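Trainee: quick one, structure for this:
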Amino acid sequence: MIEAHDLTKRYGAKTAVDHVSFTVEPGTVTGFLGPNGAGKSTTMRMIVGLDRPTTGSVTVNGRPYARHASPLAEVGILLDAKAVHGGRTARSHLRTMAATHGIPTKRVDEVIEMTGLSGVARKRVGGFSLGMGQRLGIASAMLGDPKTLILDEPVNGLDPEGVQWVRRLVKYLAGEGRTVFLSSHLMSEMALTADRLLVIGRGRIITSGPVQDVIDSVSRTGVRVRSPRAGELAELLLGRGATVERGDDGVLDVHGTTAEQVGETAAEHGIALHELTPQRASLEDAYMTLTQDDVEYRSETAEVGAAGAGEAPAR
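Mentor: This next block holds a predicted model:
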């Protein structure tokens, strides 16, 4: 479990994290979302003692990270996959970590196999692709068989098979009762992977909760209907308290009712339907709505959210 209480971090006049409190429960995958510059990385660094809070506190499994006698057995961390000496092999890097933390050598072989690094374990890390570097970072995080995992952009650089592997891994670990806290800019992947979300903007928590609850809190669900008698159907639905937006070619966008109720209304009056589709917003839609006022770095040539353009590297 991760517990933050009134967590604040200031760098001079700039407040990177502003009186943040949250709990990340065991047995769930919690996604950490926010625009660049929102305070995600700073928060993660404070959790594992790399940055000292200006005020407030944060504990992992009941203690500040620095007070754990065997930190790798408590918390597995992936914050910067490139923070490895490029002249070492993957196996050498992991063996060194194991030796300095009293972890058996056989565990090195287990995480190498687990992360798909067997074929490159004796190659120098400096020649690794971005995806292989990420796999090594995850192997390092898993080395102590930790109760809690903190992963910053774990699928960065991975191919589709690697992305699916990370998804299965974190779900499996959460299913074992571990705490999994991860960030990602891939909304579609986060929607598939996370059980709960924590959304931060300009250093403050915007919202938190189960994924679908976060989506539903800012997005209307609806039904798209297409019928040759769209006008008649629209009047019937309006009479039953729904709101209806009329489009071209007999298309109606209906809110305030369900697809089942629309279908039953049409059937009662003998109205043929050529389409009846429930409409639900995506996590990306909800995220853009939630963070639209909290994006610090904007593109000058595109709408907010255009990947990469005009963004600063600070997070």
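Trainee: so residue 73: helix, strand or coil?
Mentor: Secondary structure assignment for residue 73 (DSSP: H, G, I helix; E, B strand; the rest coil): helix.
Trainee: can you tell me how far it is from residue 238?
Mentor: For residue 73, the distance to residue 238 equals 62 Å [C-beta to C-beta, to the nearest Å]. C-beta here means a position set from N, CA and C on the backbone, and glycine is covered the same way.
Trainee: out of these two, which sits in the busier spot?
Mentor: residue 73 (17 against 13; other C-beta atoms under 10 Å).
Trainee: could you export stretch 64-77 as PDB, CA atoms only?
Mentor: Output of stretch 64-77 as PDB, limited to C-alpha atoms (Å, rounded to 0.1, in the frame of the first residue of the first chain):
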ATOM      1  CA  PRO A  64       8.900   5.700   4.500                       C
ATOM      2  CA  TYR A  65      10.800   3.900   1.800                       C
ATOM      3  CA  ALA A  66      14.200   4.700   3.400                       C
ATOM      4  CA  ARG A  67      13.300   3.000   6.600                       C
ATOM      5  CA  HIS A  68      12.700  -0.400   5.100                       C
ATOM      6  CA  ALA A  69      15.400  -2.900   6.000                       C
ATOM      7  CA  SER A  70      15.100  -4.700   2.600                       C
ATOM      8  CA  PRO A  71      13.700  -2.100   0.200                       C
ATOM      9  CA  LEU A  72      13.900  -4.200  -2.900                       C
ATOM     10  CA  ALA A  73      11.700  -6.800  -1.200                       C
ATOM     11  CA  GLU A  74       9.200  -4.100  -0.400                       C
ATOM     12  CA  VAL A  75       9.200  -1.900  -3.500                       C
ATOM     13  CA  GLY A  76      10.100  -2.500  -7.100                       C
ATOM     14  CA  ILE A  77      10.900   0.700  -9.000                       C
END
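Trainee: report the buried residues of it.
Mentor: For stretch 64-77, a neighbour-count test (16 or more other C-beta atoms under 10 Å) marks 65, 68, 71-77 as buried.
Trainee: and for stretch 89-102?
Mentor: 90-95, 97-98.
Trainee: what lies in contact with that stretch?
Mentor: If you take C-beta atoms under 8 Å, 6 or more residues apart in numbering as the criterion, stretch 89-102 is touched by 70-72, 84-85, 88, 103-105, 107-108, 111-112, 117, 120-125, 128, 136, 139-140, 143-144.
Trainee: of those, which belong to helices?
Mentor: 71-72, 105, 107-108, 111-112, 136, 139-140 (DSSP state H).
Trainee: max pairwise distance over these: which two?
Mentor: Using C-beta to C-beta, the two most remote members of the ones in helices among the contacts of stretch 89-102 are 71 and 112, lying 21.2 Å apart.
Trainee: residue ranges of the helices in the stretch 101-250 of the chain, please?
Mentor: 105-114, 130-142, 160-175, 187-193, 211-218, 230-239 (DSSP state H, counting those that start in this stretch).
Trainee: re earlier: list just the nearest of the buried residues of stretch 64-77 to residue 264.
Mentor: residue 76 (51.8 Å).
Trainee: show me what the helix or strand where that closest one lies pairs with in its sheet, parallel or antiparallel.
Mentor: Secondary structure from DSSP states H and E places residue 76 in strand 75-78. Applying DSSP bridges, strand 75-78 is found paired with strand 148-152 (parallel).
Trainee: now the angle from the partner strand to helix 130-142?
Mentor: Strand 148-152 and helix 130-142 meet at an angle of 160 degrees, taking axes from the mean of the first three to the mean of the last three C-alpha atoms, to 10 degrees as the criterion.
Trainee: what are the contacting residues of strand 148-152?
Mentor: 1-2, 26, 40-41, 44, 47-48, 60-61, 74-80, 138, 141-142, 170, 173, 178-183.
Trainee: do the same with stretch 234-246
Mentor: Under C-beta under 8 Å, 6+ apart, the answer for stretch 234-246 is 230-231, 252-257, 261-262, 265, 269.
Trainee: repeat the analysis, applying 10 Å as the threshold.
Mentor: The contact list for stretch 234-246, computed with C-beta atoms under 10 Å, 6 or more residues apart in numbering, reads 220, 222-225, 227, 229-231, 233, 250-258, 261-262, 265-266, 268-269, 271.
Trainee: what mean pLDDT does it have?
Mentor: The average pLDDT for stretch 234-246 rounds to 94.
Trainee: list the buried residues for that stretch?
Mentor: Buried residues in stretch 234-246 (16+ other C-beta under 10 Å): 234, 236-237, 242, 244.
Trainee: now stretch 77-91
Mentor: Buried-residue list, stretch 77-91, by 16+ other C-beta under 10 Å: 77-79, 81, 84, 90-91.
Trainee: just to revisit the earlier point, so which of the helices of the stretch 101-250 of the chain is the most surrounded?
Mentor: Among the helices of the stretch 101-250 of the chain, helix 130-142 has the highest mean neighbour count (mean count of other C-beta atoms under 10 Å), at a mean of 22.
Trainee: counting by contacts, list what that one packs against.
Mentor: Counting contacts by 3 or more C-beta pairs under 10 Å, 6 or more residues apart in numbering; DSSP states H and E, helix 130-142 packs against helix 71-74, strand 75-78, helix 90-100, helix 105-114, strand 148-152, helix 160-175.
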